[in-house]
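Engineer: Here you go, sequence then predicted model.
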Amino acid sequence: MSGSERRICEEFTSGYYGLCAIGGMLSAGTTHLAITPLDVLKVNMQVNPVKYNSISSCFMSLLKEQGPSTFWRGWAAKFFGYGVQGGCRFGLYEYFKRLYSDILVGSNRSFIFFLSSASAEVFANVALCPFEAVKVRVQAQPSYAKGLVDGFPKIYTSEGIHGFYRGLVPLLGRNLMFSMVMFSTFEHSVHFLYHNVFQRRRDDCSTAQQLGITCLAGYAAGSIGSFISNPADNIVAFLYNKKADTLVLAVKKIGLANLFTRSLPIRIMLVGPVVTLQWLFYDSIKVLSGLPTSGEVSMDENVDGASSAYKMED
């Protein structure tokens, strides 16, 4: 039975975009849940840099003061929040990429990747923001709330809707840039690996090879994206924990150099593997559904790389 006969839906249909959204939701939700302990360390290092000046000191201090359970604080907000974000991020990216490709025929593919990921990320962050507000508060202030169930009503009662969206602007600043760099890097990395390294069409590679390329491209995308978006990530943690009331004040308190360097090592440790696993799970779901793995590859249509599907214009 051929791959097309096993497909549960055709590409670029409503069923396809729904499948991409479900794949993105499952992959993002489970991977973010798995790295909750590292996220707890990251948030505390961002909010209390004097007390927690290294990964090891932060780990030992939290373990001694609050016990092992503290490393799973905020797990529900991460699972559901980043699940919703992942569904919007991946599903809408596929939709917008097709839409803009049809509207902006002949446009530079990098521009299409940037525009599509940015459009999808706006919706993804509006959905994520309330969950992120609870997660950061719970992780950095253990006495504030136990988790998602009591954290949501407590923020709403004391701060209203504004409390959930206090960090929306820096969150967009972090995730818009991250998403644009991540998707574009992934697309270009997939193309490069097939065209210059393996020098084969995707259909000529085994499923394991295709998923291996997905992992390599995913790791490159996550690592580069985490570096670019680190300043905004520090600002988000500062604002949600009321270490500063405004964006400008947060930047002044953190310091320009610290914006780029504070918590960067642990963030790269977090984001690189997480994005790799997300792409692996996401593409595995696609493969099991009879669909091709992600990324545009000119060699799928023409071995000499001249396909118009991935025409990189100057």
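Structural biologist: Yep, it's here. Numbers count the residues shown, from 1 in each chain.
Engineer: check which helix or strand covers A124.
Structural biologist: helix 109-140 (DSSP states H and E).
Engineer: brain fart, M25
Structural biologist: With DSSP H and E as the test, M25 turns up in helix 14-34.
Engineer: Please save the CA atoms from the next helix or strand after that helix in CSV.
Structural biologist: Downstream of helix 14-34, the first helix or strand assigned by DSSP H and E is helix 36-47. Output of helix 36-47 as CSV, limited to C-alpha atoms (Å, rounded to 0.1, in the frame of the first residue of the first chain):
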residue,chain,number,x,y,z
THR,A,36,9.3,21.4,33.8
PRO,A,37,12.2,21.0,36.3
LEU,A,38,14.6,22.8,34.1
ASP,A,39,12.0,25.5,33.5
VAL,A,40,11.6,26.0,37.3
LEU,A,41,15.4,26.5,37.5
LYS,A,42,15.4,29.0,34.6
VAL,A,43,12.6,31.1,36.0
ASN,A,44,14.1,31.3,39.5
MET,A,45,17.5,32.3,38.1
GLN,A,46,15.9,35.0,36.0
VAL,A,47,13.8,36.4,38.9
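Engineer: Centre of the chain to helix 36-47, how far?
Structural biologist: Taking CA atoms, centre = their mean, to the nearest Å, one finds helix 36-47 lying 17 Å from the centre of the chain it belongs to.
Engineer: do stretch 172-180 as well
Structural biologist: With CA atoms, centre = their mean, you get 9 Å for stretch 172-180.
Engineer: quick one: low-confidence parts of this protein?
Structural biologist: Within the chain, the segments meeting pLDDT under 70 span 1-5, 298-314.
Engineer: In it, which helix is the longest?
Structural biologist: Longest helix of the chain, by residue count under DSSP state H: helix 207-240.
Engineer: what's the neighbour count on the residue nearest to T30 when sequence neighbours are not counted?
Structural biologist: Distance criterion CB to CB, 6 or more residues apart in numbering; nearest residue to T30, sequence neighbours excluded, is F281 at 7.0 Å. Any C-beta I mention is one placed from the backbone N, CA and C, and that applies to glycine too. Residues within reach of F281, counting by other CB atoms under 10 Å, total 20.
Engineer: Then S158?
Structural biologist: For S158, using other CB under 10 Å, the count is 8.
Engineer: now what about the helix or strand that contains it, what contacts it?
Structural biologist: S158 is part of helix 148-159 when elements are defined by DSSP H and E. The contact list for helix 148-159 (CB atoms under 8 Å, 6 or more residues apart in numbering) reads 74, 76-77, 80, 130-131, 133-134, 137-138, 144-145, 163-164, 166.
Engineer: Kindly recompute the last result at 7 Å.
Structural biologist: A76, A77, A133, V134, R137, V138, A145, G163, F164 (CB atoms under 7 Å, 6 or more residues apart in numbering).
Engineer: As JSON lines, those with neighbour count and distance to L288 would be great.
Structural biologist: Shown next, in JSON lines, are those (neighbours: other CB atoms under 10 Å; distance: CB to CB, whole Å):
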{"residue": "A76", "neighbour count": "20", "distance to L288": "27"}
{"residue": "A77", "neighbour count": "26", "distance to L288": "29"}
{"residue": "A133", "neighbour count": "27", "distance to L288": "35"}
{"residue": "V134", "neighbour count": "28", "distance to L288": "33"}
{"residue": "R137", "neighbour count": "21", "distance to L288": "38"}
{"residue": "V138", "neighbour count": "25", "distance to L288": "35"}
{"residue": "A145", "neighbour count": "19", "distance to L288": "38"}
{"residue": "G163", "neighbour count": "19", "distance to L288": "40"}
{"residue": "F164", "neighbour count": "19", "distance to L288": "36"}
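Engineer: All set now, cheers.
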